[in-house]
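> mind folding the following:
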Amino acid sequence: ESHYFLGVLYQRWSEDETSLIEYKVAMRKDASHPQYFMAVAETHVALGQLDEALDFLLTSGKEFQHQPSVPALIGQIYLLQGDPEKAAKYLSDSQLLGNDGPEILTSLASAEFDAGMYAHCLMTLQHLEESTDELPPIYQRMRGKCLFSTGRVQQGRDLCLVVTRMTPQEAGAWLDLGYIAWHM
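Numbering: from 1, shown residues only. The predicted structure follows:
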């Protein structure tokens, strides 16, 4: 435990390399603690060592495979690496393991949208709306584009029209509406 807290202290001092060493020592001394495992992986990410973090998460800690934070972090790394399909798979796994807060749903919706999984994205946006009561305009725009992409052009255009009226200063909303209107 003391090595873990030393790692936290070093991280607060922006000494991530030293922090990583302390987290690894803590993990070696108590390999059954998921917090130590995640601290090592997250510090690799903080250091920009995405490949090392992925390798660590995918090859180590089989006892933590049912922790929702593990596939969530793997999904976030794949998003950072520009692989939305793999990101969507892992973020979805995290959601299935019980991580269904707004943060995971927004990341999952973004990954599904970027991967061209528009029907899945619509379902994720529905879950997000149920958990937050109202979708922010950016996710309403995403829903409109998903509706358009799944053949519901009229619904997509109508939703994009609503978003442009709500956020008239948002140029992207006007571009979405213009593209759908041009297609129609």
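
> E103 - how many residues pack around it?
Other residues near E103 come to 11 when the count uses other Cβ atoms under 10 Å. Using the backbone N, CA and C atoms, a C-beta is placed for each residue, glycine as well.

> and it, what element?
Assessed by DSSP states H and E, E103 sits inside helix 102-114.

> skip ahead from that helix and say which helix or strand is next.
helix 118-132.

> pull the residues that contact whichever helix or strand comes after that next one.
Going down the chain from helix 118-132, the next helix or strand is helix 137-149, by DSSP H and E. With Cβ atoms under 8 Å, 6 or more residues apart in numbering as the test, helix 137-149 has contacts from 106, 109-110, 113, 116, 118-119, 121-122, 125, 128-129, 135, 153, 155-157, 159-160, 162-163, 166-167, 170, 172-173, 176, 180, 183.

> what's the answer for stretch 88-100, then?
Outside stretch 88-100, the residues touching it (Cβ under 8 Å, 6+ apart) are 66-72, 74-76, 78, 104-105, 107-108, 111-112, 115, 117, 120, 127, 131.

> quick one: mean pLDDT for that stretch?
Summarised as a single mean, pLDDT over stretch 88-100 is 94.

> now do stretch 143-157
If you average the pLDDT values across stretch 143-157, you get 96.

> now it: how far from the chain's centre is it?
23 Å (Cα atoms, centre = their mean, to the nearest Å).
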